[in-house]
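A.B. asks: here are the coordinates; sequence isn't available:
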């Protein structure tokens, strides 16, 4: 992320220079996503998820999501191009988390409304908006005073509060995202069983996405381990019928085989850098 505009410039010029950057467009996209998610959420709670403005809010949220992740993917592509690094194979590109979220944003944009699909994107956007506000927007509006040598730069009370929020709730929120993404798979499985329109196609695409998340996200891995431990705990209870216990053991065995046979690292050639966090 580039530094804020120089403090010597007038406020209007600083804001204009900030608004000209792709990073500002990325910030605006996340802000729009949050606003549209809130608007759609109000309609959903009021049992009007298919009202005109609810549908507009839902689709606009995913347009904003696709735009933000598209900006990140474009910047990564341009950075590799400028440095002369190879772009990599299509499989290697798909291994990038930001590409994965871009694809899923487009899938949700053009398919049947699924309210739960908005929530992981919204949680990410909360932290992106907060971080950008703290590191770019606040210093642009009110630049900090000059810092004497050897001292830490002074920050405003609002900036400190945002920093504490991000630090205190980031891990918890990422675990929440992991739980939402796993719950969303079961939601799509239910739609597929009911043979809702395009549900099987979306389920297949989302299954590939979730498998990649399992490989790349320690939060998703931790959530699956937690679910597995809870399942084992329930299965070992004395009042649980043996058939249920055997079914749970069979499910775990099949899930492990599927996990081992779909390891994305088998198909990504060459040494890969650690995947970037979704942005």
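C.D. replies: Ah, there it is. Computed from a predicted model, the values in this text were never measured in an experiment. Residues are numbered from 1 along each chain as shown.
A.B. asks: how about the helix or strand that contains residue 124: buried residues?
C.D. replies: Per DSSP states H and E, residue 124 falls inside helix 115-132. For helix 115-132, burial by neighbour count (16 or more other C-beta atoms under 10 Å) applies to 117-132. C-beta: built from backbone N, CA, C; applies to glycine.
A.B. asks: what's in contact with that helix?
C.D. replies: 1, 23, 26-27, 30-31, 33-34, 37, 40-41, 44, 49, 58, 61-62, 65, 68, 101, 104-105, 108, 162, 165-166, 170, 173, 176-177, 180-181, 183-184, 187, 278-279 (C-beta atoms under 8 Å, 6 or more residues apart in numbering).
A.B. asks: for the chain, give me the ranges with low pLDDT.
C.D. replies: 1, 87-89, 147-151, 153, 264-279 (pLDDT under 70).
A.B. asks: mind listing the helices for it?
C.D. replies: 11-19, 22-45, 52-83, 90-94, 97-109, 115-132, 138-141, 157-193, 199-216, 218-235, 242-261 (DSSP state H).
A.B. asks: can you lay out those helices as TSV showing distance to residue 5?
C.D. replies: Below are those laid out as TSV (distance: least, C-beta to C-beta, whole Å):
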stretch	distance to residue 5
helix 11-19	4
helix 22-45	11
helix 52-83	19
helix 90-94	33
helix 97-109	26
helix 115-132	14
helix 138-141	6
helix 157-193	17
helix 199-216	35
helix 218-235	35
helix 242-261	48
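A.B. asks: quick check: buried residues in stretch 201-216?
C.D. replies: Quick answer for stretch 201-216 (16+ other C-beta under 10 Å): 202-203, 205-206, 208-216.
A.B. asks: out of those, who's nearest residue 144?
C.D. replies: Nearest to residue 144 among these, counting by C-beta to C-beta, is residue 216 at 36.3 Å.
A.B. asks: which member of the buried residues of stretch 201-216 is positioned nearest residue 226?
C.D. replies: Distance to residue 226 across the buried residues of stretch 201-216 (C-beta to C-beta) is lowest for residue 214, with 13.5 Å.
A.B. asks: skip the chain neighbours and tell me the closest residue to the closest one.
C.D. replies: Nearest non-adjacent residue to residue 214, counting by C-beta to C-beta, 6 or more residues apart in numbering: residue 220, 5.3 Å away.
A.B. asks: OK, contacts around that neighbour?
C.D. replies: 178, 181-182, 210, 213-214.
A.B. asks: any idea how far it is from residue 73?
C.D. replies: According to C-beta to C-beta, to the nearest Å, residue 220 stands 21 Å off from residue 73.
A.B. asks: so residue 26 sits against residue 74, correct?
C.D. replies: No - using C-beta atoms under 8 Å, residue 26 is not in contact with residue 74; the gap is 10.1 Å.
A.B. asks: more neighbours: these two, which one.
C.D. replies: residue 26 (21 against 13; other C-beta atoms under 10 Å).
A.B. asks: among the contacts of helix 115-132, which ones are buried?
C.D. replies: Here, 16+ other C-beta under 10 Å leaves 23, 26-27, 30-31, 33-34, 37, 40-41, 44, 49, 58, 61-62, 65, 68, 101, 104-105, 108, 162, 173, 176-177, 180-181, 184, 187, 278-279 buried among the contacts of helix 115-132.
A.B. asks: how close does the residue nearest to residue 214 get to residue 130?
C.D. replies: From residue 220 to residue 130 the distance is 22 Å (C-beta to C-beta).
A.B. asks: now residue 10, what are its backbone angles?
C.D. replies: Dihedral pair for residue 10: phi -60, psi 160, per degrees, to the nearest 10.
A.B. asks: could you report the neighbour count for it?
C.D. replies: The burial count for residue 10: 8, using other C-beta under 10 Å.
A.B. asks: go on, the one 4 residues further on?
C.D. replies: Close neighbours of residue 14, defined as other C-beta under 10 Å, add up to 19.
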